[in-house]
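Peer 1: Below are the sequence and a predicted model for it; my questions follow.
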Amino acid sequence: MTSRRTALLLALLTAAPCGAARAELGEVWAVDDGTKVRGDALLHPLRAGNAIFSREARRVRLFGLRNETVAFQVLLCGGAASTPGVQVRLAEVGSIRNGAVKDDPDRYFLDRHIELFEEHYLTITRRSHERLPPGFDGPVPDALIPLRRPLAVPARMVRGVWVDLYIPRDARAGLHRGELRVEVDGRTCSAPGCRLEVELEVLPLAIPERPAMRTMLWFSGATRDAEFMPARYLRRGVEHGPAEYVALRRRHHHLARRHRVTLFAEVDGPPDDELDSLISGRAFTRAAGYAGPGEGVGQDMYSIHTYGIGPLSSSEARVWADWFATHGPGVEYFLYTIDEPHDPAIFPRLNAMAREARPVPAFVTAAFQPGLDLDIYTTSPKQYSVAVARRATALGKRVWIYNGDPFLTGTFFTDDTAISMRVNPWLQWRYRIPRWFYWESTYYISIHDKRRPNNVWRDAMTFSNKDGDYLNGDGVLFYPGRDLIFPEEDRGFDGPFPSIRLKNWRRGLQDVDYLELARGAGLGSFAEALAARLVPRGLDETTVEEPPSWPEDGERWLTARRLLFEALKTGKAREDQLGQVARPPERLASRARRAALLWTKGWPRRAGLAAGVVAVIVLAFVLVDRRRRRRRLSR
């Protein structure tokens, strides 16, 4: 018995990670949407079990509200050889199922309640910021490609499949169950986890159609931007009519709306029917090919002359003001005067532009300050002052924020934690920031670096400039489904694909909707206390020299959301559990980071060393055990 027990112990302790000695898949496991799993993380610590995944029960447990999208990831561990022909299937979760879905880019979202994506990995060779968390170099996932065909899992590597579950407005409350299957060549694979039960609890509450936190996300989709995003889809030198540009822009608007962010580009000239369809909500109806959150709801903002392409005359301003008074009286529209004016000498010209444009409000990406008399100030995190924003608001000005900066806010970088973009809506809610602006989502040509085209499918570094900035993923939240500039990267789909960062922005916006629902249910003090524990401070209440005040692991963010969910479910706040979401002490956090690096970076060498050490220990145990048995027999 002792020998068999020793042999079993030796086999378990020296086994390759994820069962990598197998020729087929080694193992299948799952994790929430708040964790990025590197492509070489076969020994990831959450593989043994986490807040949504039970390894023993082979179950994924989710929870959500109506009109919400919940997400999780399925991780496929490669065996000793590459495994082609891998397919992941999830047909339904209870009454939540897909209808007769098609891959037509103009009808893609109709009746599509379940989406599966292959995670595409970019190799990070140079970090965006020296003080970002370690462990995000090497193969890091970001682009998400709709899973329309079998994929291949490389030997001794991890491949992720992202799963989105949109909970329809009419979904029944209670538990919904389904089964996720992983198949190889048409048969369910034999590795652990190839069949996972998916359990989803739904409350009889709905996320509102309009997110509580407002956003604005630029994309270079205007006809005058033909060499930018449109060039990936529309061949140069070929005459394209306005309808082709309108259709391409609408596909981008639909993807953004599914992620609850407000996307904007300019129409070509004065207000037209395309703008009316966005402002009225016609662009987001089933007749226009859209279904999902915000169905039929009009866009809530519009920027005229974005990035300061010119002034607005008094007559032009009157046309715009009259049009919005009739077609969108509640819409925030404005003249984008100039981008980031640094020289106070041009302030008089900006003020003159603002006066000429009235009654159209004037917008600038600068801090509220003496000498500037505009209506909307959108400030970078380094310039943002909580106190100044309050004073400006008291004077009738609007003060927004744009982009991100570690560790004043979350960042938009690929080589940051998954929750980094999730942080910003929580900061926005805590500091009562009306709108968050991100400068670009389809930065496919580096205008700051000799106007070179970006191969966003291969090159992780998307932004560089003469000031020495090298940023991974900056300006790219959408990936082109068609690529005529780099045809080897063409995915054969005439519409954009999302990113993991965009998904986490959506998650943060939905989190804040939970906070607002809790406030409406009389649990406002609990919501405030939870936000204060999770995101104690940011912006100018901290400094870039300090570590972020919020926890950087997705498990704690999931715990915060679960506390809100349970409070909405029961009508009771569990303030005694708030300590679960706070950031751990920095010394412990540093240890956790080092441990994560041990498990996720350079695993083949470390796994070999670990296996050797374990083998020596077990051998010593066997020898000692034999000596003890011999002594017992000699007595």
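Peer 2: Great, that's in hand.
Peer 1: so where's this structure uncertain?
Peer 2: 1-17, 19-23, 237, 585-635 (pLDDT under 70).
Peer 1: and it, what are its domains?
Peer 2: 23-206, 214-499, 512-586, 602-634 (automatic domain parsing).
Peer 1: Pull up the distance across the longest one, start to finish.
Peer 2: Start-to-end span of domain 214-499 (Cα to Cα, to the nearest Å) is 20 Å.
Peer 1: and it, how far from the chain's centre?
Peer 2: Taking the mean of its C-alpha atoms, domain 214-499 sits 17 Å from the chain's own mean (Cα atoms, centre = their mean, to the nearest Å).
Peer 1: For the stretch 151-300 of the chain, which segments count as helices?
Peer 2: Taking DSSP state H, counting those that start in this stretch as the criterion, the stretch 151-300 of the chain carries its helices at 242-258, 273-280.
Peer 1: Please identify the deepest-packed of those.
Peer 2: helix 242-258 (a mean of 20; mean count of other Cβ atoms under 10 Å). From N, CA and C alone the C-beta is placed, and that goes for glycine too.
Peer 1: send the alpha carbons of it over as CSV?
Peer 2: The C-alpha coordinates for helix 242-258 follow below in CSV (Å, rounded to 0.1, in the frame of the first residue of the first chain):
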residue,chain,number,x,y,z
PRO,A,242,-21.4,57.3,-49.7
ALA,A,243,-23.6,54.3,-48.9
GLU,A,244,-20.5,52.0,-48.5
TYR,A,245,-19.0,54.4,-46.0
VAL,A,246,-22.3,54.8,-44.1
ALA,A,247,-22.6,51.0,-43.9
LEU,A,248,-19.0,50.6,-42.6
ARG,A,249,-19.6,53.3,-40.0
ARG,A,250,-22.8,51.8,-38.9
ARG,A,251,-21.2,48.4,-38.2
HIS,A,252,-18.7,50.2,-35.9
HIS,A,253,-21.6,52.0,-34.1
HIS,A,254,-23.3,48.6,-33.6
LEU,A,255,-20.3,47.0,-32.1
ALA,A,256,-19.8,50.0,-29.7
ARG,A,257,-23.4,50.0,-28.7
ARG,A,258,-23.2,46.3,-27.8
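Peer 1: helices or strands next to it in the packing?
Peer 2: With contacts taken as 3 or more Cβ pairs under 8 Å, 6 or more residues apart in numbering; DSSP states H and E, helix 242-258 sits against strand 263-264, helix 273-280, strand 496-497.
Peer 1: how near is the residue lying closest to Val456 once chain neighbours are set aside to Ala212?
Peer 2: With Cβ to Cβ, 6 or more residues apart in numbering as the criterion, Val456 has its nearest non-adjacent residue at 5.2 Å, and that residue is Val476. To Ala212, Val476 is 27 Å away according to Cβ to Cβ, to the nearest Å.
Peer 1: go on, Asp268?
Peer 2: In terms of Cβ to Cβ, Asp268 sits 33 Å off from Ala212.
Peer 1: Which one's more surrounded, these two?
Peer 2: Ala212 (19 against 12; other Cβ atoms under 10 Å).
Peer 1: In contact with the residue lying closest to the more buried one once chain neighbours are set aside, which residues?
Peer 2: Once flanking residues are discounted, Ala212 sits nearest to Glu516: 4.4 Å by Cβ to Cβ, 6+ apart. By Cβ atoms under 8 Å, 6 or more residues apart in numbering, the contact list for Glu516 reads 208, 212, 527.
Peer 1: residues in contact with the residue nearest to Val456?
Peer 2: Val476 neighbours (Cβ under 8 Å, 6+ apart): 440-444, 454, 456, 462, 499.
Peer 1: now it, which residues is it bridged with?
Peer 2: Going by DSSP bridges, Val476 is paired in beta bridges with Thr442.
Peer 1: again with Thr83
Peer 2: Val153.
Peer 1: how close does it get to Leu75?
Peer 2: Distance from Thr83 to Leu75, counting by Cβ to Cβ: 14 Å.
Peer 1: For the protein, which segments count as helices?
Peer 2: In the chain, the segments counted as helices under DSSP state H are 2-13, 242-258, 273-280, 314-327, 347-357, 386-394, 420-430, 500-518, 524-534, 554-570, 586-600, 603-634.
Peer 1: Restricting the selection to alpha carbons, write the fifth one to CSV.
Peer 2: In this case it means helix 347-357. The C-alpha trace of helix 347-357 is given here as CSV (Å, rounded to 0.1, in the frame of the first residue of the first chain):
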residue,chain,number,x,y,z
PHE,A,347,-6.3,81.5,-26.0
PRO,A,348,-7.8,84.8,-27.5
ARG,A,349,-8.3,83.0,-30.8
LEU,A,350,-10.0,80.1,-29.1
ASN,A,351,-12.3,82.5,-27.2
ALA,A,352,-13.1,84.2,-30.5
MET,A,353,-14.0,80.8,-32.0
ALA,A,354,-16.2,80.1,-29.1
ARG,A,355,-18.1,83.4,-29.4
GLU,A,356,-18.5,83.0,-33.1
ALA,A,357,-20.0,79.5,-32.7
